[in-house]
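>>> Pasted the sequence and its predicted model underneath.
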2 protein chains.
Amino acid sequence: MSLVIVGSVAFDTIETPLGRRERIVGGSGTYCSLAASFFTRPRIVAVVGRDFPRKTLAFLRSRRVDLGGLKVKAGKTFHWEGRYESDLNRRTTVRTELNVFADFRPEVPAAYSRARIVYLANLNPEHHDLILRQFRRPDLVAMDTIRLWIDTKREDLLRELGRVDIFFANDEEARLITGEANLVAAGRALLRMGPSLAVVKKGEHGALVFGPNDTFGVLAHPCERVVDPTGAGDSFAGGFLGYLDRVPRRTPKEVHRAAVYGTVLASFTIEDFGIARFLTLDSGQVEGRYRQFRKLSSF
Amino acid sequence: MSLVIVGSVAFDTIETPLGRRERIVGGSGTYCSLAASFFTRPRIVAVVGRDFPRKTLAFLRSRRVDLGGLKVKAGKTFHWEGRYESDLNRRTTVRTELNVFADFRPEVPAAYSRARIVYLANLNPEHHDLILRQFRRPDLVAMDTIRLWIDTKREDLLRELGRVDIFFANDEEARLITGEANLVAAGRALLRMGPSLAVVKKGEHGALVFGPNDTFGVLAHPCERVVDPTGAGDSFAGGFLGYLDRVPRRTPKEVHRAAVYGTVLASFTIEDFGIARFLTLDSGQVEGRYRQFRKLSSF
């Protein structure tokens, strides 16, 4: 049982219709590992600057996130600033300061090299090879991407799609990569590009999971008051992969449950700014919402 | 067991990325009654012109749709023309020729007056009262609306919301009526306006059903090749209400099943232009997709 997450640990400045927060903790690796921590002991490979709060590192440790692969370097932490439109479905990047992330060449600690699951969270696809070479045959490699790599590193991205097992994309990314407007067609086209599982995340509408013999959907937990959607997709991936890391056999039914846990974790993340909701979230609440979800989905 | 549908039986000219069809049969009442015919014997109150094809009337009868309330008047049948954008989520009305529908004052046959369920499909809310006075205390009154009435008859619409039991709206309509961008907030706001059940249809993303103690979602059946989305919402309502007309008790679980049947019927409608898919659809296919849906939703 081991999940290694390679991604960003960062500062975010976020504006949503419900408020603005300056330089709060965010990053794909942070959200993903916090979500996964409800199922497994995630290990994180990332880099931060000396300005990163010790308090947050202590919190991550308290959630049993293994920080053995987190480098603290001289300089400032990656900082992203974004603004959400009133319907929360669209966001604009106001500013990106890569800082110490600019020349991040992930070094995987030897202790991590036998990981069962490796997750490459929104990384430059050119760097995947360098990272994956540091692992000894993981059971399962998963990746996510962002619009930037679709626009600027398309060939690298398509090559990487051919070697991963699970690909996560949001609806816009799935359409851009495949050229298919219909999301079901897009999901199936993604499968033909290589992965054995393609997960298309649809925000408030949930997610579709495409497997070789199986397509299924999972709803989003109905959430009346979305405070900040940042990190929802990363939390989904964290819940999904964390759960898969815990189960002995990845049957279609377990994959389905993983997707439900993904949507449950994402539904908590968006209830507050940044990672604030995780500060008080406990396993009882996660299991409670999972049970509620099951009840509301049965017919 | 009796469901009366008051709506339009019409000609549609439709352009989608997959083709164009001129003056094919459509209309909210047509789609709704065909979908409902898999569960009950729907009765329809509508008007057509002398140009309406006898063949279609014969087909409706063969599906056990009771046409006792369908008037054939001198003049031409209502004709709507619309065009869908490439992603099929947006459509533009090119032309609306009301023809005999212009002064349609629905007359309910005496034999229909003891209906258990009455469905007012996209009608001018000013006319609801005239129609409902012709029924003797139906068990359940349901309505749908269109953007036109939200824009031009808002007060009448809000008054009618206060007296119906079930309100169907698509996501755009729910947002416009309530002023809430969040669909969960919008659905709950609709409930506060009167109905005991508010159903928010989300096209390819399925539907949300809001009850007094219960919110649940139903996915859309994953459909890779959408030929023509026209009538999907009306078919959803038809499957939903047709199923509810069949069950002895409308428990939350039965309401949930009704929504699944709604989504199943809608998923067939969009596989071909107009009502073409209904020409060959049989109960076995409907039940088969329902079972498949149950399988793909369980976890």
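Here it is on my side, so go on.

>>> Can you name the next helix or strand after the longest helix along chain A?
Once chain A is assigned using DSSP state H, the helix that runs over the most residues is helix A:252-269. Sequence order places helix A:283-297 as the next helix or strand after helix A:252-269, per DSSP states H and E.

>>> ok, back up a step: do the longest helix of chain A and chain B come into contact?
Yes: Helix A:252-269 reaches chain B (C-beta under 8 Å from any C-beta of the partner chain) through A:253, A:256, A:257, A:259, A:260. For glycine as for every other residue, the C-beta is placed from the backbone atoms N, C-alpha and C.

>>> Just the buried residues of that helix, please?
Buried residues in helix A:252-269, counted by 16 or more other C-beta atoms under 10 Å in any protein chain shown: A:252, A:254-269.

>>> Get me the contact residues on chain A for chain B.
Residues of chain A lying near chain B (C-beta under 8 Å from any C-beta): A:86-88, A:181-185, A:188, A:202, A:204-206, A:208, A:214-220, A:222-226, A:253, A:256-257, A:259-260, A:294, A:296-299.

>>> Give me the subset of the residues you listed lying in strands.
Judged by DSSP state E, those include A:208, A:215, A:216, A:217, A:218 as members of strands.

>>> any weak-confidence spans in chain A?
A:1 (pLDDT under 70).

>>> Look up the closest residue to the spatially most central residue of it, ignoring the ones flanking it.
Nearest to the geometric centre of chain A sits residue A:234, at 2.3 Å (C-alpha atoms, centre = their mean). Nearest residue to residue A:234 in three dimensions, chain neighbours excluded: residue A:31, at 3.7 Å (C-beta to C-beta, 6 or more residues apart in numbering or on different chains).

>>> Enumerate every residue touching that neighbour.
Residues in contact with residue A:31 (C-beta atoms under 8 Å, 6 or more residues apart in numbering or on different chains) are A:231, A:234, A:235, A:238, A:269, A:275.

>>> Is residue A:52 in contact with residue A:24, as I believe?
No: using C-beta atoms under 8 Å, residue A:52 and residue A:24 do not qualify as a contacting pair, with a distance of 12.0 Å.

>>> which one of those two has more residues nearby?
residue A:52 (22 against 18; other C-beta atoms under 10 Å in any protein chain shown).

>>> Overlap of the contact sets of residue A:52 and residue A:24?
With C-beta under 8 Å, 6+ apart, residue A:52 and residue A:24 have common neighbours residue A:11.

>>> re the thing from before, pick out the most distant pair among the contacts of residue A:31.
Largest separation among these by C-beta to C-beta: A:238 and A:275, giving 11.4 Å.

>>> if we can go back for a sec, for the ones in strands among the residues of chain A next to chain B, work out which two are farthest apart.
A:215 and A:218 (11.4 Å).

>>> what about the two, which has more around it?
Ranked by neighbour count (other C-beta under 10 Å), residue A:215 and residue A:218 place residue A:218 first, with 29 against 18.

>>> For the more buried one, which non-adjacent residue is spatially closest?
In space, residue A:218 is closest to residue A:259, 4.5 Å off (C-beta to C-beta, 6+ apart).

>>> go on, residue A:24?
Nearest one to residue A:24, counting by C-beta to C-beta, 6+ apart, is residue A:274 at 4.0 Å.

>>> cool, and residue A:87?
residue B:181 (4.5 Å).

>>> Over to that neighbour: give its phi and psi.
phi -80, psi -40 (degrees, to the nearest 10).

>>> Tell me which residue of the stretch 1-150 of chain A lies closest to chain B.
Using C-beta to the nearest C-beta, residue A:87 is the residue of the stretch 1-150 of chain A that sits closest to chain B, at 4.5 Å.

>>> okay, now that residue: neighbour count?
Neighbours of residue A:87 (other C-beta under 10 Å): 13.

>>> Kindly report the same for residue A:77.
Residue A:77, neighbours per other C-beta under 10 Å, totals 24.

>>> Could you verify that it is part of a strand?
No: Residue A:77: not assigned to a strand; according to DSSP: H, G, I helix; E, B strand; the rest coil it is coil.

>>> I'd say it and residue A:104 touch.
No: between residue A:77 and residue A:104 there is no contact under C-beta under 8 Å: 11.3 Å.

>>> mind listing what the residue nearest to residue A:24 touches?
Counting by C-beta under 8 Å, 6+ apart, residue A:274 has contacts A:12, A:14, A:21, A:24, A:25, A:26, A:228, A:230, A:231.

>>> Next, find the distance separating it from chain B.
According to C-beta to the nearest C-beta, to the nearest Å, residue A:274 and chain B sit 20 Å apart.

>>> what are the phi and psi values for that residue?
Residue torsions, per degrees, to the nearest 10, at residue A:274 are phi 50, psi -130.

>>> Check residue A:166 too.
Torsion angles, degrees, to the nearest 10, at residue A:166: phi -130, psi 130.

>>> same check, this time on residue A:222
With angles defined as degrees, to the nearest 10, residue A:222 sits at phi -60, psi 120.

>>> same question, residue A:92
Torsion angles, degrees, to the nearest 10, at residue A:92: phi -120, psi 140.

>>> Let me know whether it touches residue A:81 as I believe.
No: Residue A:92 lies out of contact with residue A:81 (C-beta under 8 Å); the separation is 9.6 Å.

>>> Give me the more crowded residue out of those two.
residue A:81 (17 against 10).

>>> so the more buried one sits in a helix?
No: the assignment for residue A:81 by three-state DSSP gives strand, which leaves it out of any helix.

>>> quick one: contacts for it?
Contacts of residue A:81 by C-beta under 8 Å, 6+ apart are A:12, A:13, A:14, A:93, A:94, A:95, A:96.

>>> run the last query once more with 6 Å
By C-beta atoms under 6 Å, 6 or more residues apart in numbering or on different chains, the contact set of residue A:81 is A:13, A:94, A:95.
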